[in-house]
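# I need the structure of the sequence given here:
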Amino acid sequence: MNDPDRLDVIRNLGLETSADRALFSRTTVLASTILGCPIALLSIVEEARQWFLGRTGVDLHETPRDASFCAVCITGEGPLLVTDARADLRFRDNPLVTGAPFIRSYLGVPIRGEDGVLLGALCAISPEPHAFCSDQIAPLAMLAELAEQSIALHVRTRELSLANAALKQTSQIFRQAERATNVGSWRVDIASQRLFWSDQVYAITGLETGRSVSVEQAVTLYQRDDQAMVSSALEETIALGKPFSFETSIRRGDGERRRIRVVGERIDVDGQPDSVAGIIHDCTEEHLRNAALKRAAEHDRLTGLFNRASFDRKLAAAMRMADSDPVMVALIDLDGFKDVNDTLGHLVGDRVLVAIAEHLHQRIRRGMFLARWGGDEFALLFPPAMTIEEASEFLRNLVEELDEVVALGSSALIIGATCGLARIEQPGSGEEIMRRADLALYRGKEQGCGGVVCWDAQIEARQTERQRAIARLRAALNGGRAVAAYQPIVELGTGRIVSLEALLRLRDEDGSLITASEIFAALLDPELSRRVSRAMLDQVMTDGPAILALLGPETRIGLNLSEADLRRNDFVRHLIEVVDDSALTPANFTIEVTETMLLDAGGQLHASLAMLDACGFTICLDDFGTGFSSLTHLRQFPIHEVKIDRDFIAGIAEDQQSRLIIQAIVQMGHGLGLRVVVEGVETEEQEAFLRTIGCGHVQGYRYGRPALIHDLCAQMGSAARRRRA
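Now for the predicted structure:
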């Protein structure tokens, strides 16, 4: 080993910091005694000096290496005998020879570390010549081995001390981490069945730290229904080595209930099961927070019932199983509720809704799912085994009881309800069965409020209207009579038109224009919906250059896509290819989707929106605020713009809540970097309100009705001429 490596080994041994130099000095005392000399040293030879780990008969602590006899000894890697230093050319001028301690005779044996590295030498020194002979090398070598063993013992002691210090530090950090994260560790010794807890487990369980707790006693802390599960999980892990993880509740020693997450696994030693160890995490706050968020996302804020989004999810799951378990729903609409709001105010109306919701919740039976559908409507999903007759009878009794539900002081409120009932026995969309229930409800309203009406073939006759709408739409598409009308979206601060929404219009055979709302029922047909989207895209691509020339190259055109469009990858690719081959760019397009489309959105729909976003199209969430999972959509989908539904702005004059909702959405949009557009703005009062809350963009009749491209150009030209005049 070269000298630099040897010196590194010496430094790493930490011999100079040894607190027990007396241990090594005892070796030098033995050497002095056995060899009959006044001086014995245990030297460590470094680069520029030698220093003495043990010494007897001299008060030296170190000397320069140049004066070191021991340096010569280790260079030769064997014993060194000097009978008379004054006669030895190597040493006669050595300051340790010519001066104190006046060395004349020297006998040294190298000492090595456990890995054989030369560290220094054990030597005997006399001021008399010929004090030592070769026969004394062997006993000195034995003492040198003793010195080496002492050094090895020091090294191991030091390593243990360092390891112990590191262990203490790690344990302290671990305890601090346990307290910070509220996580404790535990271990069960399989042989003795003894349970060991860290301090934090005691803190979590509320028991006195250090108290002996058996496995059986620990299990009793869990809620009764879970105790068998906990014991079984531990037994399976011991027997099969299967790790476990579960979340449950415990009752602390002081009676407080806490939510914990427990993880455990078996530890094997030498191939044999030794113990089961794991952690306990007090996740009470997280559990309560998640429960509150889940409840807020799933429940109606006013009544506490499930909200519409929750009902939609429940219904969608039921509809997938409709071939084996028929699906039956009811819509319950309150009669006379509008009069309560109009005469007594919305606060009273809210109290009525809460009282009726409580009554409905108390009356529903096992297996039923009740939700507030919206406004004064409630939706009810029945268990599959229930018949139409049983459901009708249940609803009739429910309606008859409503008059007795609401009592507000001396006010006599007459609140009834009308119910629409529908049943489907094959898989389909939740929208379809709810449409049927709505048709039945509407028929009940026509017949006189307070009844229960089941959807049937006669009511389906009303579907004739839908069929006519489908025929009307199909004929218009086949005849090339589907056109786009454009309604401006205005930047409030400047009055500038920054975008246009392309809206479907049909030219009837007599030349009149038909709005989308007149044939809305036909748009629910997926095939026709896709054809409409293609026709609208073609029209927008034709009109696009004129629009950009009219309003500027940064103008965007809003295109409404259906769920059917986004679920077919070919349409999305077609849209991208058509735009790439045109004078327009993706930046000129806003793709508008509705919240209902995103409920239960599958992978393809999400992938389609992501593809459009990646290409530079702006994704807009239309009718924002009418659903109950809007914030989730903003997080899960690449949304850059939201449109606040026209119902909110329409109600701001009478409804303070609508004003607050609009303001909250605008502020949230600004905070998230979203463009917010308010639809349905028609009055100066509405515009003034939107200006005061900092709304940036508006759309509505106040700024322009939907117009065909040539009418739009004419209107803009007239407006420009008036400004010049």
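
# so the most centrally placed residue in the chain is in which element?
Centroid-nearest residue in the chain: residue 635, 10.9 Å away (criterion: C-alpha atoms, centre = their mean). For residue 635, the host element (DSSP states H and E) is helix 630-636.

# can I assume residue 444 sits in a helix?
Yes. Secondary structure assignment places residue 444 in a helix (DSSP: H, G, I helix; E, B strand; the rest coil).

# confidence score at residue 439?
Confidence at residue 439, expressed as pLDDT, is 88.

# the one 4 residues further on too?
In the predicted model, residue 443 carries a pLDDT score of 81.

# neighbours around it, how many?
The local packing of residue 443 (other C-beta atoms under 10 Å) involves 19 other residues. (Glycine included, C-beta is placed from N, CA and C.)

# might you list the low-confidence residue ranges for the stretch 301-450 of the chain?
Counting by pLDDT under 70, the stretch 301-450 of the chain shows low-confidence ranges at 339, 342, 403-413, 446.

# ends of stretch 668-685, what's the gap?
Counting by C-alpha to C-alpha, to the nearest Å, you get 23 Å between the two ends of stretch 668-685.

# cool, stretch 636-647 as well?
By C-alpha to C-alpha, the extent of stretch 636-647 from end to end equals 25 Å.

# would you mark the buried spots in that stretch?
637, 639-646 (16 or more other C-beta atoms under 10 Å).

# likewise for stretch 586-599?
Neighbour-count burial for stretch 586-599 [16+ other C-beta under 10 Å]: 586, 588-599.

# taking those together, which two end up most distant?
Using C-beta to C-beta, the pair of those lying farthest apart is 588 and 599, separated by 29.2 Å.

# ok so, going back, and the residue nearest to the centre of the chain, how far from residue 621?
12 Å (C-beta to C-beta, to the nearest Å).

# now swap in residue 361 and tell me
Residue 361 sits at a distance of 31 Å from residue 621 (criterion: C-beta to C-beta).

# the more surrounded of those two?
residue 621 (23 against 14).

# now stretch 77-87: average pLDDT?
93.

# if you could redo that for stretch 29-49, that was the one I meant.
91.

# tell me the buried residues in that stretch?
Using 16+ other C-beta under 10 Å as the test for burial, stretch 29-49 gives 30-32, 35, 37, 39-46, 49.

# can you add distance to residue 454 and give the buried residues of stretch 636-647 back as CSV?
Listed next are those as CSV, based on distance: C-beta to C-beta, whole Å:
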residue, distance to residue 454
637, 38
639, 40
640, 45
641, 42
642, 39
643, 37
644, 37
645, 31
646, 33
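
# which one among these gets closest to residue 418?
Relative to residue 418, the closest of the buried residues of stretch 636-647 is residue 645; by C-beta to C-beta it sits at 25.3 Å.

# contact partners for the closest residue in space to residue 597 that isn't next to it in sequence?
In space, and not counting its chain neighbours, residue 597 is closest to residue 563: 4.4 Å by C-beta to C-beta, 6 or more residues apart in numbering. Residues in contact with residue 563 (C-beta atoms under 8 Å, 6 or more residues apart in numbering) are 526, 597, 605.

# regarding the second one, what is its secondary structure?
Reducing the assignment at residue 597 to three states with three-state DSSP gives helix.

# quick one: mean pLDDT for stretch 487-497?
Stretch 487-497 carries an average pLDDT of 94.

# only C-alpha atoms, please: export that stretch in CSV.
Extracted C-alpha coordinates of stretch 487-497, given in CSV (Å, rounded to 0.1, in the frame of the first residue of the first chain):
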residue,chain,number,x,y,z
GLN,A,487,-73.9,35.6,-32.3
PRO,A,488,-71.1,38.0,-31.1
ILE,A,489,-69.2,37.6,-27.9
VAL,A,490,-68.1,41.1,-26.8
GLU,A,491,-65.3,42.3,-24.6
LEU,A,492,-67.0,44.6,-22.1
GLY,A,493,-64.1,46.9,-21.5
THR,A,494,-63.7,47.9,-25.2
GLY,A,495,-67.0,46.9,-26.8
ARG,A,496,-65.0,44.9,-29.3
ILE,A,497,-66.3,41.7,-30.8
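
# what comes up buried for that stretch?
So stretch 487-497, judged by 16+ other C-beta under 10 Å, has buried residues 487-490, 492, 497.

# gap between that stretch and the chain center?
38 Å (C-alpha atoms, centre = their mean, to the nearest Å).

# so what's residue 481 closest to, chain neighbours aside?
With C-beta to C-beta, 6+ apart as the criterion, residue 481 has its nearest non-adjacent residue at 4.1 Å, and that residue is residue 507.

# helices along the stretch 351-500 of the chain, start to end?
In the stretch 351-500 of the chain, the helices defined using DSSP state H, counting those that start in this stretch lie at 388-401, 430-447, 457-460, 463-478.

# the stretch 201-350 of the chain now?
215-219, 224-240, 284-298, 308-319, 337-344, 346-363.

# helices or strands next to the second one in the packing?
Of the remaining helices and strands, those touching helix 224-240 by 3 or more C-beta pairs under 8 Å, 6 or more residues apart in numbering; DSSP states H and E are helix 215-219, strand 244-251, strand 257-269, strand 272-282.

# run the last query once more with 6 Å
Contact here means 3 or more C-beta pairs under 6 Å, 6 or more residues apart in numbering; DSSP states H and E; on that basis helix 224-240 packs against helix 215-219, strand 244-251.

# could you dump those into CSV with mean neighbour count and distance to residue 315 added?
Shown next, in CSV, are the helices and strands packed on helix 224-240 (neighbours: other C-beta atoms under 10 Å; distance: least, C-beta to C-beta, whole Å):
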stretch, mean neighbour count, distance to residue 315
helix 215-219, 14, 41
strand 244-251, 16, 29
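
# so which of those is nearest residue 226?
With C-beta to C-beta as the criterion, residue 226 lies closest to strand 244-251 of these, at 4.5 Å.

# now do that closest one: which elements does it pack against?
Packing partners of strand 244-251 (3+ C-beta pairs under 6 Å, 6+ apart): helix 224-240, strand 257-269.

# next one: phi and psi at residue 220?
Reported as degrees, to the nearest 10, the phi and psi values for residue 220 are phi -70, psi -10.

# not counting its neighbours along the chain, what's nearest it?
Using C-beta to C-beta, 6+ apart and skipping the chain neighbours, the partner closest in space to residue 220 is residue 227 (6.9 Å).

# report the contact partners of residue 338.
Residues near residue 338 by C-beta atoms under 6 Å, 6 or more residues apart in numbering: none.

# gap between it and residue 349?
Distance, residue 338 to residue 349, by C-beta to C-beta: 9 Å.

# what's the closest of the contacts of residue 563 to residue 84?
Set against residue 84, the nearest of the contacts of residue 563 by C-beta to C-beta is residue 605 (101.6 Å).

# which element is that closest one on?
helix 603-615.

# right, and the helix or strand after that helix?
strand 618-624.

# so what touches that next one?
With C-beta under 6 Å, 6+ apart as the criterion, strand 618-624 contacts 590-592, 594, 609, 613, 630, 638-645.

# among those residues, find the lowest-pLDDT one for me.
residue 630 (56).

# quick check: residue 491 touching residue 498?
Yes. Counting by C-beta atoms under 6 Å, residue 498 is a contact partner of residue 491 at 5.0 Å.

# where does the stretch 601-725 of the chain dip in pLDDT?
The model of the stretch 601-725 of the chain has pLDDT under 70 over residues 601-603, 625-632, 719-725.

# try 50 this time
Across the stretch 601-725 of the chain, the ranges flagged by pLDDT under 50 are 628-629.

# what's the longest helix that the chain contains packed up against?
Criterion DSSP state H: the longest helix present in the chain is helix 137-181. Helix 137-181 is packed against helix 21-35, strand 105-112, strand 118-126, with contacts defined by 3+ C-beta pairs under 6 Å, 6+ apart.

# taking strand 105-112 as reference, get the angle to the last one.
This points to strand 118-126. When axes from the mean of the first three to the mean of the last three C-alpha atoms, to 10 degrees is applied, the directions of strand 118-126 and strand 105-112 differ by 160 degrees.
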